[in-house]
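Asker: Return atomic coordinates for the entry below.
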Amino acid sequence: MGLKDLISKIKGRKKLQVERGEWIKCEKCKTLLYSEDLKKNMKICPHCGYNFRMNAKERVDMFLDEIYEYDLFPKISPVDILGFKDTKKYKERIKQAQEKTGLKDAIIIAYGKIYDREVILAPMDFRFMGGSMGSVVGAKFVRGAEFAIEKKIPFIAITASGGARMQESIVSLMQMAKTSIAVDKMNKAGVLYISILTDPTMGGVSASFAFLGDIIIAEPESLIGFAGPRVIEQTIRQQLPEGFQKSEFLLEKGQIDMVVDRRNLKKTVYTLIKQLNG
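Answerer: Numbers count the residues shown, from 1 in each chain. Below you'll find the predicted structure:
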């Protein structure tokens, strides 16, 4: 076989098609990972233990063995009350985020069972405008809390947020008080509230319902705080300690109750419910 024939044969072969996104590079150890293997390992890098971010649907599938309602309040949508515009109109940003995620806003309120225990699960989705908290997040959180009180079942929040949504201005800041009051009502009604902090949990979310749990759990190496470390360093003109605002640092300082490997979260939460909720 001549060189030309060999080249022709190679060109004639069916090329191996690799789907976009089939391989993902770990942000920590830079290893290339097969996406299906990563999903089977709950999106944890098998080489370095790095926790990739999970969306709201993945959290529901991860926790609930039986789902009664994927989202109890699916029709609540954000409204551009202020007619806000930065580089884009807020209406456009909402539409783009909804198309990207398939969600109405940055939180869903799921109702189902963890093993044999009914719960309300409220995971946030960082893909939706950075998981920012606006009027819809506040409204759905409150309604979820009221449902948990009515049913006398535990409420589990899973936070992933950059903070309050600037496009809603004071309306978004009001949600800090609104969600905090809802937590207080659950407390007075004897409803167990577990808060799970994931990467990142910042700003107005960390300053409200995220840190009001009866039990506060965090995933490993999650960034948790109010202002980001870069902003703090620029403000105080000092270098922050290593690992500052990471979940392990907060555990050491007594700000959270435990850091739990994602693969053990479901069993840990179930054990807490059995021990604290009877």
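Asker: Break the chain into its domains for me.
Answerer: With domains defined by automatic domain parsing, the chain comprises 18-52, 54-277.
Asker: Helices of this structure, start to end?
Answerer: Using DSSP state H, the helices assigned to the chain run over residues 3-12, 35-40, 56-63, 90-101, 135-151, 169-188, 203-206, 229-236, 247-252, 262-277.
Asker: Would you mind saying which of those lies nearest Gly112?
Answerer: Comparing the helices of the chain by their distance to Gly112 (C-beta to C-beta), the top pick is helix 56-63, with 7.7 Å. In short, each C-beta sits where N, CA and C put it, glycine included.
Asker: Run the angle between that closest one and helix 90-101 for me.
Answerer: What separates the directions of helix 56-63 and helix 90-101 is an angle of 40 degrees, with axes from the mean of the first three to the mean of the last three C-alpha atoms, to 10 degrees.
Asker: neighbours of the closest residue to Ile224 other than its chain neighbours, just the number please.
Answerer: The shortest distance from Ile224 to any non-neighbouring residue, by C-beta to C-beta, 6 or more residues apart in numbering, is to Thr201 (4.8 Å). Counted with other C-beta atoms under 10 Å, the neighbours of Thr201 add up to 30.
Asker: same question, the one 4 residues further on
Answerer: One way to gauge burial is a neighbour count; for Val205, by other C-beta under 10 Å, it gives 30.
Asker: cool, and the one 4 residues further on?
Answerer: Applying other C-beta under 10 Å, we find 29 other residues in the vicinity of Phe209.
Asker: what does the one 10 residues further on give?
Answerer: A count of neighbours around Glu219, defined by other C-beta under 10 Å, yields 23.
Asker: residues touching it, list them.
Answerer: Contact analysis of Glu219 by C-beta atoms under 8 Å, 6 or more residues apart in numbering lists Asn51, Ile196, Leu197, Thr198, Asp199, Ser247, Val259, Val260, Asp261, Arg262, Leu265.
Asker: And the fifth one, how far from Cys29?
Answerer: Yep, that's Asp199 we're talking about. Distance of Asp199 to Cys29, computed by C-beta to C-beta, to the nearest Å: 16 Å.
Asker: Over to the third one?
Answerer: Using C-beta to C-beta, one gets 23 Å for the distance from Leu197 to Cys29.
Asker: Which of those two has more residues huddled nearby?
Answerer: More neighbours surround Leu197 than the other of Leu197 and Cys29, with 28 against 12 (other C-beta under 10 Å).
Asker: Okay, and the beta partners of the more buried one?
Answerer: Leu197 has these beta-bridge partners by DSSP bridges: Thr159, Ala218.
Asker: quick revisit: for the helices of the chain, which one ends up most surrounded?
Answerer: Most buried of these by mean neighbour count (mean count of other C-beta atoms under 10 Å) is helix 203-206; its value is a mean of 25.
Asker: who touches Cys29 in this structure?
Answerer: By C-beta under 8 Å, 6+ apart, the contact list for Cys29 reads Cys45, His47, Cys48, Tyr50.
Asker: hmm, 10 Å instead?
Answerer: Cys29 is in contact with Cys45, His47, Cys48, Gly49, Tyr50, counting by C-beta atoms under 10 Å, 6 or more residues apart in numbering.
Asker: now swap in Ala182 and tell me
Answerer: Ala182 neighbours (C-beta under 10 Å, 6+ apart): 138, 141-146, 148-149, 155, 193, 208-209, 212.
Asker: export those to CSV and tack on pLDDT?
Answerer: As requested, those are exported to CSV (pLDDT from 0 to 100):
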residue, pLDDT
Gly138, 99
Phe141, 99
Val142, 99
Arg143, 99
Gly144, 99
Ala145, 99
Glu146, 99
Ala148, 99
Ile149, 99
Phe155, 99
Tyr193, 99
Ser208, 98
Phe209, 99
Leu212, 99
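Asker: Would you format the residues you listed as CSV with distance to Met62 included?
Answerer: Below are these laid out as CSV (distance: C-beta to C-beta, whole Å):
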residue, distance to Met62
Gly138, 25
Phe141, 20
Val142, 24
Arg143, 23
Gly144, 18
Ala145, 22
Glu146, 25
Ala148, 20
Ile149, 25
Phe155, 17
Tyr193, 19
Ser208, 24
Phe209, 21
Leu212, 23
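Asker: Check the residues you listed and tell me the two furthest apart.
Answerer: For the contacts of Ala182, the maximum inter-member distance is 18.3 Å, found between Ile149 and Ser208 (C-beta to C-beta).
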